[in-house]
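Student: Model the structure of this input:
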Amino acid sequence: MSTDITTAGGRGGAAGAPVPAKGLRAGILDLGDSVMLGLASTAPVYSLAATLGLIVAVNGNYTPVILLIGFIPVLFIAYAFRELNSAIPDCGTTFTWSRRAFGPWAGWLGGWGVALAGIVVLANLAQVAGQYLWLLIGDGSLAQNKVLVTATGVLFIAVMTLVNYLGIRLGEHVQRVLTYVQYISLGIFALAIVIRIVGGAPEGQAFDFEWFNPVGAFADPGAVVHGALLALFIYWGWDTCLAVNEETENPATTPGRGAVISALVLVAIYVSVALLVMMYATIGAEGIGLGNEANQDDVFVAMKDVVLGPWGWLIVVAVLASVLSSTQTTILPTARGTLSMGVHGALPAKFGEVHPKNQTPGFSTQVMGAAAILYYVAMSFLSENLLADSISAISLFIAFYYALTGFACFWYFRGTLRESVRNLWFRGILPLAGALLLTAAFFISAVQMWDPAYGDTQIFGVGGAFVSGVVLLALGVVLAAVCRFAPATRGYFTGQASAAPSPK
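Tutor: Residues are numbered from 1 along each chain as shown. Below you'll find the model as predicted:
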């Protein structure tokens, strides 16, 4: 029989409340697996390819320092995740921690934020995966066939949902292969750029320490904020290793370490690759320049033939592997979040069921995969522009649940902050600072999205990205209200619900 987990922590430093065992396969992942999942979830190759040109368009040569500035609140929130996980290693993460800190409504909405970000980004990943697969076949013209691309994207979501359903070990093996493919391909791409730079790239630009000067960057504060918000998206995903905490060795410590390590590795990858690409391609508006609007959707594809010649298809494979690995790992936290919500009574008990053989959240995994497919298909055929704008709104969802986690860390541990300098900084000052920065990012991003010129659509004179984001977040409030009065879940809100019993 599975047993509950009790860890140190809590408001006064006493033992934290027990974490109900859910039947997941405990101890199957080690620190290396945890870090790998954190790295894979961010889709680093795709994130750089799709975002680097946009940041350069706003911040020019100050792009490297912007990547570092955007990382600051992410690192602070990574510490919040680590500290909360040390006290409450529950796979519900933000849902469970917000509930313990602020009560059932905050917990429910935190869980909704995690699920919402996952479902919407899966639609984006499916679209990109479908396009990149067909870019590899023939002359690439099939990538423009909407029906074919959509069907392919649906198939990818379905396959990755099945992989997650069949077991965490199978998923880890698939993830390892995809991670190796994307990082080896990215390494070859970076090495080729280094060779060309050393060989004297005729149109390149020399490295300049001014690129890391925050004073110079802040000469245009609006550009810094815009660039930092873009950078926030490319770092999102490392928290997947916390969502599989109950399946990791030493669940109170290993996932938190994995989160911080993966976040630090990510910033090193992003900054170093950005530097190489800037030095070789420059920020110019012509040819392969990062400032060329024609290249902004994917700077790597624009450079692939120049850098790799007949091997240019490698970078397409890298982006495809990156997107597929992120698709699989994005399903992990959404399914485990709703599993925890089901176990704690915030969702119907069916969500809390674990497959007895596979030891995975079977029903929750299926629901998350189906929800992502339905959203993707509906938005693809309703309006591809609205789909793009709803994807832009992901920054709102990320900022919302990351900030909520930071506030929850500060409040939950408030009674322990004076016990040591370490507690003051890692449980108090840094999580609170990260939460405040992300709250500011949320409102600044919302104001930008309000502008009808922000994205590709406008609704009643307001930017479609803003409307999409607000409507989807508000839907969480509606669903929470329904659960508040539904017979199966109202006990969660009234304090009369108890965790589901451990499976036998």
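
Student: Let me see the ranges of the strands in this structure.
Tutor: When assigned using DSSP state E, the strands of the chain occupy the ranges 458-459, 462-463.

Student: Which among those is found nearest to Val174?
Tutor: With C-beta to C-beta as the measure, strand 462-463 is the member of those nearest Val174 (37.7 Å). C-beta here means a position set from N, CA and C on the backbone, and glycine is covered the same way.

Student: Show me what the closest one is packed against.
Tutor: Packing partners of strand 462-463 (3 or more C-beta pairs under 8 Å, 6 or more residues apart in numbering; DSSP states H and E): helix 430-450.

Student: thinking again about what came up before, hey, least reliable of the strands of the chain by pLDDT?
Tutor: Within these, confidence is poorest for strand 458-459, with a mean of 87 (mean pLDDT).

Student: What pairs with that one, parallel or antiparallel?
Tutor: Partner strands and pairing direction for strand 458-459 (DSSP bridges) are strand 462-463 (antiparallel).

Student: Tell me which residues are up against the partner strand.
Tutor: Asp389, Met449, Trp450, Asp451, Pro452, Ala453, Tyr454, Gly455, Thr457 (C-beta atoms under 8 Å, 6 or more residues apart in numbering).

Student: Pick the most deeply packed of the strands of the chain.
Tutor: Ranked by mean neighbour count under mean count of other C-beta atoms under 10 Å, the strands of the chain are led by strand 462-463, which reaches a mean of 20.

Student: pLDDT below threshold where in the stretch 1-150 of the chain?
Tutor: Applying pLDDT under 70 to the predicted model, the residue ranges of the stretch 1-150 of the chain that meet it are 1-17.

Student: show me where it has helices.
Tutor: Remark: helices assigned in the stretch 1-150 of the chain by DSSP state H, counting those that start in this stretch are 31-41, 44-59, 63-87, 94-102, 104-135, 146-166.

Student: for those, which one sits closest to Gly187?
Tutor: The closest approach between Gly187 and any of the helices of the stretch 1-150 of the chain, judged by C-beta to C-beta, belongs to helix 44-59 at 10.6 Å.

Student: Centre of the chain to that closest one, how far?
Tutor: Relative to its chain's centre, helix 44-59 lies at 16 Å (C-alpha atoms, centre = their mean, to the nearest Å).

Student: repeat for stretch 441-450
Tutor: Remark: stretch 441-450 is offset 19 Å from the chain centroid, using C-alpha atoms, centre = their mean.

Student: Of the contacts of strand 462-463, select the buried ones using a ChimeraX command.
Tutor: In ChimeraX, the members of the contacts of strand 462-463 classed as buried (16 or more other C-beta atoms under 10 Å) are selected with the following command:
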select :389,449,452,454,455,457
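
Student: Widest-spaced pair of the contacts of strand 462-463?
Tutor: The largest separation in the contacts of strand 462-463, counting by C-beta to C-beta, is between Trp450 and Thr457 at 13.0 Å.

Student: picking that back up, now render the strands of the chain as TSV, adding distance to Ala481.
Tutor: Listed next are the strands of the chain as TSV, based on distance: least, C-beta to C-beta, whole Å:
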stretch	distance to Ala481
strand 458-459	24
strand 462-463	25
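
Student: out of those, nearest to Pro431?
Tutor: When the strands of the chain are ranked by distance to Pro431, counting by C-beta to C-beta, first place goes to strand 462-463 at 31.1 Å.

Student: Neighbours of Ala123, how many?
Tutor: With neighbours defined by other C-beta atoms under 10 Å, the count for Ala123 comes to 25.

Student: Ok, Ser468 next?
Tutor: Counted with other C-beta under 10 Å, the neighbours of Ser468 add up to 26.

Student: likewise Thr327?
Tutor: Under the neighbour criterion other C-beta under 10 Å, Thr327 is assigned a count of 30.

Student: same check, this time on the one 4 residues further on
Tutor: Number of residues near Ile331 (other C-beta under 10 Å) recorded here: 26.

Student: same thing with Val354?
Tutor: Val354 sits with 23 neighbouring residues when counted by other C-beta under 10 Å.

Student: Dihedrals phi and psi, the nearest residue to it once chain neighbours are set aside?
Tutor: The spatially closest residue to Val354, leaving aside those adjacent along the chain, is Gly23, at 3.6 Å (C-beta to C-beta, 6 or more residues apart in numbering). According to degrees, to the nearest 10, the main-chain angles of Gly23 amount to phi 100, psi 0.

Student: Verify the stated contact: Gly23 with Lys357.
Tutor: No: using C-beta atoms under 8 Å, Gly23 is not in contact with Lys357; the gap is 10.7 Å.

Student: Neighbour count for the two, which is higher?
Tutor: For Gly23 and Lys357, the more surrounded residue by other C-beta under 10 Å is Gly23, and the numbers stand at 22 against 9.

Student: Looking at the contacts of strand 462-463, which is nearest Leu396?
Tutor: When the contacts of strand 462-463 are compared for distance to Leu396 (C-beta to C-beta), Met449 wins out at 7.6 Å.

Student: Share the number of residues neighbouring the closest residue to that closest one other than its chain neighbours, please.
Tutor: Sequence neighbours aside, Phe466 is the residue nearest to Met449 in space, at 3.7 Å (criterion: C-beta to C-beta, 6+ apart). Residue neighbour count, defined by other C-beta under 10 Å, stands at 25 for Phe466.

Student: What of Leu133?
Tutor: When counting by other C-beta under 10 Å, one arrives at 22 neighbours for Leu133.

Student: wait, isn't it in contact with Leu320?
Tutor: Yes: at 6.2 Å, Leu133 and Leu320 qualify as touching, with contact defined as C-beta under 8 Å.

Student: what does stretch 260-270 contact?
Tutor: Applying C-beta under 8 Å, 6+ apart, the contact partners of stretch 260-270 are 31, 34-35, 37-39, 42, 44, 47-48, 67-68, 71, 74-75, 78-79, 82, 234-235, 238, 241.

Student: ok so, going back, which one, of the helices of the stretch 1-150 of the chain, ends up nearest to Ile394?
Tutor: helix 104-135 (5.6 Å).

Student: angle of that closest one against helix 31-41?
Tutor: Angular relation of helix 104-135 and helix 31-41 on a 0 to 180 degree scale: 70 degrees, by axes from the mean of the first three to the mean of the last three C-alpha atoms, to 10 degrees.
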